[in-house]
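Peer 1: Just a sequence and a predicted model for now, questions to come.
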Amino acid sequence: MQKKIKMKRRDFIQKTAASSAILALPSLPLMSFGKPDIKHLTILHTNDVHSHIDSFPADDSRNPNQGGVSRRASLIDSIRKENSNVLLLDAGDIFQGTPYFNYYGGELEFKLMSMLNYDLATMGNHDFDNGIDGFYAQLPHAKFDFVSANYDFKNTVLNEIVKPYKVFNKGGIKIGVFGLGIELEGLVDKKMYKETVYNDPVETAEEMTRILKIEEKCDLIICLSHLGYNYRNDPDKISDLTLAKKTKDIDLIIGGHTHTFLDKPTIVTNKAGAQTLVNQVGAYGINLGRIDFYFDHNKKKTHESRTIIV
Ligand SMILES: [Zn+2]
């Protein structure tokens, strides 16, 4: 009996030693070395995953063995071990693209995203593919929230459920995230989106940044957008690049819809002459976007970024 307790105790000591060894590992990036008052926030993001739950097959001509929820999960896990201040975001079009959606209607997508601990998502046009009621029906499976500031859901089932924005606090850094959706008319059958009203993204963003910066006093403002990166043949159409130019106080726009692959964010000079980052990481869960922000004691921020192949 005593021997057993001793064994257990030794076991415990070894485990404790192992975990403090992990904690002591110098995994901090160079930028924060020797500056203990620097706060580090990691933003991870996906877009247009389109029900791609499995990885691509080994004989796929473009993305062999790439993507898949399980590979994304282990990647995210290892990043969370590096830094506990992580926000995991999705910019919409979670639904549609594989038989998983046709059979289960999005249940699997939401359950798996919940297991990966997604913090927030916005809605893409394909998230209306089973109608607004089909989306609503799957929401009990999502342990994360959805935001959209320019879709007015007042006369729909999503009223008061999909909020315009959400504020997070990660290690003393206040982050405001708002959502923007694409114009649904002409893109989605009205039967599907019903009484959802589309409001102007630029005006909405101005209102959101005012609330998040002045009222909520956020240190970082992120727009989760499904507007699309850029429309060269239709420059008047609102896109992430034009949104960035026409607004101020958005630090980062995480986009979707155009399946644009960027290996690093595009830096746009905004209306106030400051920098707004615009990023998007292709589609189908092949890539995971990663942007690290570092805040000094004055909350002045710098960033570094990379797009990771899953
Ligand atoms: Zn889309």
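Peer 2: On my side now, so go ahead.
Peer 1: What separation do you get for residue 91 and residue 122?
Peer 2: Distance of residue 91 to residue 122, given as Cβ to Cβ, to the nearest Å: 6 Å. For the C-beta atoms, the positions are set from N, CA and C on the backbone; glycine is no exception.
Peer 1: Tell me the residues that contact both of these two, please.
Peer 2: Counting by Cβ atoms under 8 Å, 6 or more residues apart in numbering, the residues touching both residue 91 and residue 122 are 224-226.
Peer 1: Is it possible to get JSON lines of those residues that adds secondary structure and neighbour count?
Peer 2: Shown next, in JSON lines, are the shared contacts of residue 91 and residue 122 (DSSP: H, G, I helix; E, B strand; the rest coil; neighbours: other Cβ atoms under 10 Å):
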{"residue": "224", "secondary structure": "strand", "neighbour count": "30"}
{"residue": "225", "secondary structure": "strand", "neighbour count": "33"}
{"residue": "226", "secondary structure": "coil", "neighbour count": "28"}
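Peer 1: and which of these is nearest to the ion?
Peer 2: Nearest to the ion among those, counting by Cβ to the ion, is residue 226 at 5.7 Å.
Peer 1: which non-adjacent residue is nearest the closest one?
Peer 2: Among residues not flanking residue 226 along the chain, residue 92 sits closest, at 3.9 Å (Cβ to Cβ, 6 or more residues apart in numbering).
Peer 1: can you confirm that neighbour is in a strand?
Peer 2: No - under DSSP: H, G, I helix; E, B strand; the rest coil, residue 92 falls outside any strand and is assigned coil.
Peer 1: going forward, begin numbering at 12 instead of 1
Peer 2: Sure, I'll start counting at 12 from here, so that last one is residue 103.
Peer 1: does the spatially most central residue of the chain belong to a helix or a strand, and which?
Peer 2: Nearest residue to the geometric centre of the chain (Cα atoms, centre = their mean): residue 100, 1.6 Å. According to DSSP states H and E, residue 100 maps onto strand 97-101.
Peer 1: partners of that strand, with directions?
Peer 2: strand 50-57 (parallel), strand 131-132 (parallel) (DSSP bridges).
Peer 1: So is the last one next to the ion?
Peer 2: Translated: strand 131-132. No - Strand 131-132 is not in contact with the ion by Cβ under 5 Å from the ion; minimum separation 12.9 Å.
Peer 1: Find the closest residue to the ion in the stretch 112-261 of the chain.
Peer 2: For the stretch 112-261 of the chain, Cβ to the ion, closest residue to the ion: residue 135, 4.1 Å.
Peer 1: wait, that residue sits on residue 101?
Peer 2: No - the pair residue 135 / residue 101 is not scored as a contact, 9.1 Å apart, by Cβ atoms under 8 Å.
Peer 1: Residue 314 - that's part of a strand, no?
Peer 2: Yes - assessed with three-state DSSP, residue 314 lies in a strand.
Peer 1: List, one by one, the residues from the stretch 112-261 of the chain near the ion.
Peer 2: By Cβ under 5 Å from the ion, the residues of the stretch 112-261 of the chain that approach the ion are 135-136.
Peer 1: Let me see the ranges of the strands in the stretch 112-261 of the chain.
Peer 2: Taking DSSP state E, counting those that start in this stretch as the test, the strands found in the stretch 112-261 of the chain are 131-132, 156-157, 162-163, 176-181, 184-191, 208-209, 231-236.
Peer 1: Of those, which is nearest residue 90?
Peer 2: Distance to residue 90, taken as Cβ to Cβ, is lowest for strand 176-181 among these, at 13.6 Å.
Peer 1: tell me what the closest one is packed against?
Peer 2: Judged by 3 or more Cβ pairs under 8 Å, 6 or more residues apart in numbering; DSSP states H and E, the packing partners of strand 176-181 are strand 97-101, strand 184-191.
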